[in-house]
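J.: below is the sequence, then the predicted model.
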Amino acid sequence: MMRPIVEFCAGNAHFGTDKALKPLEERPDCEVIEYGCLTNCGQCYLAPFAFVNDEIVEAATAEELYLAILRKVKEIEQL
């Protein structure tokens, strides 16, 4: 089974998304990629978000985003 791909937008970093990105990079159960832009500009200014296997995951804070991504990764692994 392929590892889930977690994509971050550098333009969304002002929300502190590196608090989610950095620990995810250390995990063997997902592939983390950071792009300069994910062409989701409206979302980028509203809240921390990432794509997990092309599905948007968002949360109120970067810490909550990290936990939401972990839940999504586990959900994908169970499929």
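T.: That came through fine.
J.: least confident secondary structure element in the chain?
T.: Using mean pLDDT, DSSP states H and E, helix 41-44 stands out as the lowest-scoring helix or strand of the chain, at a mean of 80.
J.: check which helices and strands it sits against.
T.: Packed against helix 41-44, as judged by 3 or more C-beta pairs under 8 Å, 6 or more residues apart in numbering; DSSP states H and E, are no other helices or strands. Heads up, the C-betas are built off the backbone N, CA and C, glycines and all.
J.: helices and strands around the helix or strand where residue 75 lies, which ones?
T.: If you go by DSSP states H and E, residue 75 is part of helix 62-77. Packing partners of helix 62-77 (3+ C-beta pairs under 8 Å, 6+ apart): helix 18-25, strand 49-52, strand 55-58.
J.: identify, out of these, the most deeply packed stretch.
T.: Of all the helices and strands packed on helix 62-77, strand 49-52 carries the top mean neighbour count, a mean of 22, counting by mean count of other C-beta atoms under 10 Å.
J.: and that one, average pLDDT?
T.: In this model, strand 49-52 carries a mean pLDDT of 97.
J.: what bridges to residue 5?
T.: residue 31 (DSSP bridges).
J.: so how far is the least confident helix or strand of the chain off the chain centroid?
T.: On the basis of C-alpha atoms, centre = their mean, to the nearest Å, helix 41-44 sits 14 Å off its chain's mean C-alpha point.
J.: which positions in it come out as buried?
T.: Of all the residues in helix 41-44, those buried under the rule 16 or more other C-beta atoms under 10 Å are 43-44.
J.: before we move on, what about stretch 25-37?
T.: In stretch 25-37, counting by 16+ other C-beta under 10 Å, buried: 30, 32, 34.
J.: nearest to residue 11 among the residues you listed?
T.: residue 34 (10.4 Å; C-beta to C-beta).
J.: checking the residue found closest to the closest one once you drop the neighbours it is linked to in the chain next. Helix, strand or coil?
T.: Excluding the flanking residues, the one nearest residue 34 by C-beta to C-beta, 6 or more residues apart in numbering is residue 8, at 4.5 Å. On the three-state scheme (DSSP: H, G, I helix; E, B strand; the rest coil), residue 8 is labelled strand.
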